[in-house]
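# Provided below are the primary sequence and the corresponding predicted coordinates.
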Amino acid sequence: MKVGRVFHEFEDLEGRSVVLRTPLWSDLDDLMDMINTAVDERVDIYMDEKVTRESEAEWLGGKLAKIENGRTIGLVAECEGRVVGSSDVEKRQRSMSHVGELGALVKGGYRESGIGTRMLETLIRESRSAGLEVLVLRYFSGNDRAQHVYEKVGFVETGRIPGAVKRDGRTRDLVTMTLKL
C-alpha cells in the first residue's frame, strides 16, 4: 500500500470536509495529541497512560513500515487540517493469513459525525481487496457507541472474556466481534 494514498473524501454529518488517507510522518503530533486526549477523557481504549513523542514516533514508524510491506491497511481521517481519526487492519500470518485485526479511534468533537463509520467501511472494502476473509475486533463492554458503529457495518459478537478489563474501579468484559467478508 502506498503511503499518502487518499481512499475517500466526504463531508461528515456536521458538514466538515474529511479526507481518509494513509498516515504520514507529518501526522505524528496529531496522532500523539489524539491518543493523549483519549487517555485524558478516559475513553474505552487499551491505552490508559499518555504516550511520549518518542514512543509515538516508534509506534508510527512501525505502522508505516507495516503499511509499506502490506502487513497493515492503515488510514487516518483528516478534518480541518488535523488528524481526527486513526484506524487499521493488521493482517495475521501463517494459517491465519486470511484474518485481519481491526482497531479504530476517533477524537472527541468528531465522534458521532459519521467519520468512524466511513473509516470502518473503507477498511472493510480494502480488506476484501487485499484478500482477507475475516475481520476481528475487540472492545470493552459498556462502550455502546463503539458497539453501535461496529454492528452498523456488519460485525457480530462472537465472544467475550468476562471481567477481563479493570479500570477506574470497574470490571468489564472484553467483547470480540467478527465480520466475515
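All right, it came through fine.

# please make it C-alpha for all contacts and neighbour counts, starting now.
Noted.

# which SS class is Glu151?
Glu151 falls in the helix class when you classify it by DSSP: H, G, I helix; E, B strand; the rest coil.

# and the helix or strand hosting Gly163, what does it pack onto?
When elements are assigned from DSSP states H and E, Gly163 belongs to strand 156-167. Counting contacts by 3 or more Cα pairs under 8 Å, 6 or more residues apart in numbering; DSSP states H and E, strand 156-167 is packed against strand 170-180.

# give me the mean pLDDT for the strand it packs on.
The pLDDT scores in strand 170-180 average 97.

# now it - C-alpha only, PDB.
Once non-C-alpha atoms are left out, strand 170-180 reads as follows in PDB (Å, rounded to 0.1, in the frame of the first residue of the first chain):
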ATOM      1  CA  ARG A 170     -14.900  -1.100  37.400                       C
ATOM      2  CA  THR A 171     -14.600  -4.600  35.900                       C
ATOM      3  CA  ARG A 172     -15.900  -5.100  32.400                       C
ATOM      4  CA  ASP A 173     -15.900  -7.800  29.700                       C
ATOM      5  CA  LEU A 174     -13.700  -7.800  26.700                       C
ATOM      6  CA  VAL A 175     -16.000  -8.300  23.800                       C
ATOM      7  CA  THR A 176     -14.900  -9.900  20.500                       C
ATOM      8  CA  MET A 177     -16.800  -9.100  17.300                       C
ATOM      9  CA  THR A 178     -16.300 -10.700  13.800                       C
ATOM     10  CA  LEU A 179     -17.200  -9.900  10.300                       C
ATOM     11  CA  LYS A 180     -17.000 -12.500   7.500                       C
END
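
# other residues contacting that strand?
Residues from elsewhere that reach strand 170-180, judged by Cα atoms under 8 Å, 6 or more residues apart in numbering: 133-142, 154-166.

# check stretch 130-138 too.
89, 91, 97-103, 127, 174-181.

# rerun at 7 Å
Residues from elsewhere that reach stretch 130-138, judged by Cα atoms under 7 Å, 6 or more residues apart in numbering: 98-103, 174-181.
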